[in-house]
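J.: Next come a sequence and a model predicted from it.
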Amino acid sequence: MKKSVTAIAATLLAGAVLLCPPAIAAQPKLTGEQQLAKMLEGREAGKPVDCIPLSQTSNTTVIYKTAIVYRVGSTLYVNRPTNADLLDNDQILVTRLTGSQLCSIDTVQLHDRSMPHMWNGFVGLRVFVPYKKAAAK
């Protein structure tokens, strides 16, 4: 009887260990500025532009409380909008265009992903700074 109680206790302990989440090494979370710097490593800033071709944009990345990054081909366009402190990478962006391109006068509504009909505010776009891969020297 004593062996079976010990065996049951060992089995329960093993099961509890398997159900517990693994200890994750405490890593400091990167700030928005640090995330952006990491994304732009190896790239050089170009002259800011007022508009980019939205139809050629292949990817949009929200950098927490910092910026929106649009990829057009191999170029990353960084926009640091007004109200950037409202940006969260778990939001749906609904862009209001004034023309056929995405321009610095356009606005972006921020919608909660869990409740898409609820919006959390808006940001006003500013100039787009292009970042291209640095030429090999």
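T.: Noted; the coordinates are in hand.
J.: Please tell me how far W119 sits from L93.
T.: To L93, W119 is 11 Å away according to CB to CB, to the nearest Å. (Glycine included, C-beta is placed from N, CA and C.)
J.: intersection of neighbour lists for those two?
T.: The overlap between the contact sets of W119 and L93 (CB atoms under 8 Å, 6 or more residues apart in numbering) consists of Q109, L110, H111.
J.: Which of those sits closest to V78?
T.: Distances from the shared contacts of W119 and L93 to V78 were compared by CB to CB; the smallest belongs to L110, at 17.8 Å.
J.: how near is the closest one to L76?
T.: Distance, L110 to L76, using CB to CB: 21 Å.
J.: who has more neighbours, the two?
T.: Neighbours were counted for L110 and for L76 using other CB atoms under 10 Å; L76 has more, 22 against 19.
J.: quick one: the strands in the chain?
T.: Counting by DSSP state E, residue ranges of the strands within the chain are 43-45, 51-52, 57-63, 67-72, 75-79, 91-96, 102-103, 107-112, 119-124, 128-133.
J.: Q35: which of those is closest?
T.: Of all these, it is strand 57-63 that lies closest to Q35, at 5.3 Å by CB to CB.
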